[in-house]
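In: Here is a sequence with its predicted model. Questions after.
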Amino acid sequence: MSDVPTAPESALVIQMIPLDQIRPSPHQVRKDFEEAGIRSLAESIDKEGLIQPITVRRVPDGFELIAGERRWRAAKLLAREAIESRIVDVPSEAAASAKGLIENVQRQDLNPVEEAEGFAAINKLDPGYWTKEKIGQIAGKDRSFISKSISMLELPKEVLDSVRQRTLARELAIELMRIDNGNSQKFMARKIIKGGWSLKQARAAIDSKLAGKQAPKMAAEVADVDPLAGLESLAFSNGSLGPTGAWEITYKSGRWLISIENRFDPPQEGLADFLTKLADAIRDGVPRKKNSAVSNTELGDPKESEHPIRLPKTAEEEAELARLAVSGPTAAYSWIYGPGNNLTRLVAGKTWQELGCADSKAGLALLVAGVKNFIGD
């Protein structure tokens, strides 16, 4: 059972407390405090006064906020010395956490991610007591809403950031959960935001994508197997094609479908350069052979001496590869693929930034992940 206090309102103490004796709660759900919003609230408090006191609990070094951090911040902005506070008797850390979380999720101005994080935090406090049904009761939502909100937190950070910033609606994010691949979720989210799609449009696009991926085959049909099944993995390991999620290749009914995010400036030259690099990747690569060793004779010139693809296996090798990567992609590719491999030659003279990576650390992480995916590690 939860030990959230149930003291009647009359038992609560209200008094003026110095602002410097109050600290924020570590259980605060809200992560974003817009400066403009705080200034507007401060102006309102300055003109109309504080309509509702903040809620605090006693701690050894003063007081800790349970609810009202925006009002507390606005009072500090006004250089007030003290603020009207309602002091509640909370017997334990768990009770303080539950009470603070409950007061926060009952507010109407949380963004959908903050709200979902609040639901998840309450559930984790005591799953047996704080079931999704009970959380729904105190938040004024049904069980399905709570369940979908908590599940939404499994979406990639990029997608959740869009929901947090309200550029992607919660309902659209819920639709994206039907896609089981993080990169595809990010790619679809970008298309939804850029196109300003409605829920109906997004659902239709996702239905189409899933139908293309999952449509059953008739016995008389030729097996719909991509003859270049390893192409996407190979191309992702070649950072020159851009960051993960910026493009996608699917194969259906004997056709390759290529989706490319318009991130080029100017578009004509950028698209032409991308397609040239994609053509190079197709020309230099071969379909992946499941559970087989991938050597230089498969990826590069057969006349070159064999150089099996290798990944760092010890801390010393990881450090060595990281040092090489600082000097540029060529050294890192040479260490992994071998100096004579076509991929190594393809990135010769390029910088990590030209390959779409922020720095050597990000580029190396993408390269290693792509190689692991390619060889089935």
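Out: Nice, I can see it. Numbering: from 1, shown residues only.
In: following the lowest-mean-pLDDT helix or strand in the chain, which helix or strand comes up?
Out: Every helix and strand in the chain was compared by mean pLDDT, DSSP states H and E; the lowest is helix 296-299, with a mean of 38. Next along the chain after helix 296-299, taking DSSP states H and E as the criterion, comes helix 315-326.
In: which parts of that next one are buried?
Out: Residues of helix 315-326 classed as buried: 321, 324-325 (neighbour count, 16 or more other CB atoms under 10 Å). From N, CA and C alone the C-beta is placed, and that goes for glycine too.
In: Among the residues you listed, find me the one that's closest to Gly182.
Out: Nearest to Gly182, judged by CB to CB, of these is Ala325 at 24.2 Å.
In: The closest one reaches Asp359, doesn't it?
Out: No - using CB atoms under 8 Å, Ala325 is not in contact with Asp359; the gap is 9.2 Å.
In: Find residues that contact each of these two.
Out: Trp352 (CB atoms under 8 Å, 6 or more residues apart in numbering).
In: if we can go back for a sec, dump the buried residues of helix 315-326 into CSV; add distance to Arg57 and pLDDT as well.
Out: Shown next, in CSV, are the buried residues of helix 315-326 (distance: CB to CB, whole Å; pLDDT from 0 to 100):
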residue, distance to Arg57, pLDDT
Leu321, 51, 91
Leu324, 54, 91
Ala325, 50, 90
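In: Return the member of these nearest to Ala202.
Out: Looking across these and measuring by CB to CB, the closest to Ala202 is Ala325, at 38.5 Å.
In: for that closest one, what are its contacts?
Out: So Ala325 contacts 331-332, 352, 360-361, 363-364 (CB under 8 Å, 6+ apart).
In: Most neighbours among these, which one is it?
Out: Most neighbours among the contacts of Ala325, by other CB atoms under 10 Å: Ala332, with 25 neighbours.
In: how would you label that one: helix, strand or coil?
Out: helix (DSSP: H, G, I helix; E, B strand; the rest coil).
In: And the pLDDT at it?
Out: With respect to pLDDT, Ala332 scores 88.
In: So it is in contact with Val326, correct?
Out: No - checked against CB under 8 Å, the pair Ala332 and Val326 is beyond contact range at 9.1 Å.
In: shared neighbours of these two, anything?
Out: In contact with both Ala332 and Val326: Ser360, using CB under 8 Å, 6+ apart.
In: now the helices: where do they sit in the stretch 251-377 of the chain?
Out: 267-284, 296-299, 315-326, 329-337, 342-346, 360-375 (DSSP state H, counting those that start in this stretch).
In: for the stretch 1-150 of the chain, that is, sorry about that
Out: Applying DSSP H, counting those that start in this stretch to the stretch 1-150 of the chain gives helices spanning 35-48, 69-77, 93-105, 112-125, 132-139, 143-152.
In: got CSV for the ones you listed, with distance to Asn181 too?
Out: Output for those, formatted as CSV (distance: least, CB to CB, whole Å):
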stretch, distance to Asn181
helix 35-48, 36
helix 69-77, 38
helix 93-105, 30
helix 112-125, 21
helix 132-139, 26
helix 143-152, 16
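In: I'd like a version of these in CSV, one that adds mean pLDDT as further columns.
Out: Converted to CSV, these look like this (pLDDT from 0 to 100):
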stretch, mean pLDDT
helix 35-48, 85
helix 69-77, 89
helix 93-105, 64
helix 112-125, 83
helix 132-139, 82
helix 143-152, 91
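In: could you dump those helices to JSON lines with distance to Ile192 and mean neighbour count?
Out: Converted to JSON lines, those look like this (distance: least, CB to CB, whole Å; neighbours: other CB atoms under 10 Å):
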{"stretch": "helix 35-48", "distance to Ile192": "27", "mean neighbour count": "13"}
{"stretch": "helix 69-77", "distance to Ile192": "31", "mean neighbour count": "20"}
{"stretch": "helix 93-105", "distance to Ile192": "26", "mean neighbour count": "21"}
{"stretch": "helix 112-125", "distance to Ile192": "15", "mean neighbour count": "22"}
{"stretch": "helix 132-139", "distance to Ile192": "27", "mean neighbour count": "17"}
{"stretch": "helix 143-152", "distance to Ile192": "15", "mean neighbour count": "18"}
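In: out of those helices, nearest to Arg58?
Out: So among these, helix 93-105 is nearest, using CB to CB, at 10.3 Å.
In: what about Glu269, distance to Thr250?
Out: Distance from Glu269 to Thr250, counting by CB to CB, to the nearest Å: 26 Å.
In: More neighbours: which of those two?
Out: Thr250 (15 against 10).
In: Check whether the more buried one sits in a helix, strand or coil.
Out: Thr250 ends up strand, using three-state DSSP.
In: Contact partners for it?
Out: By CB under 8 Å, 6+ apart, Thr250 lies in contact with 209, 212-213, 256-257, 259.
In: Most neighbours among these, which one?
Out: Lys209 (19 neighbours).
In: That one against Ile179, yeah?
Out: Yes - the pair Lys209 / Ile179 is scored as a contact, 7.0 Å apart, by CB under 8 Å.
In: and for those two, which residues touch both?
Out: Met188.
In: Touching, Pro156 and Met188? I think so.
Out: No - look at Pro156 against Met188 with CB under 8 Å: they stay out of range, at 11.0 Å.
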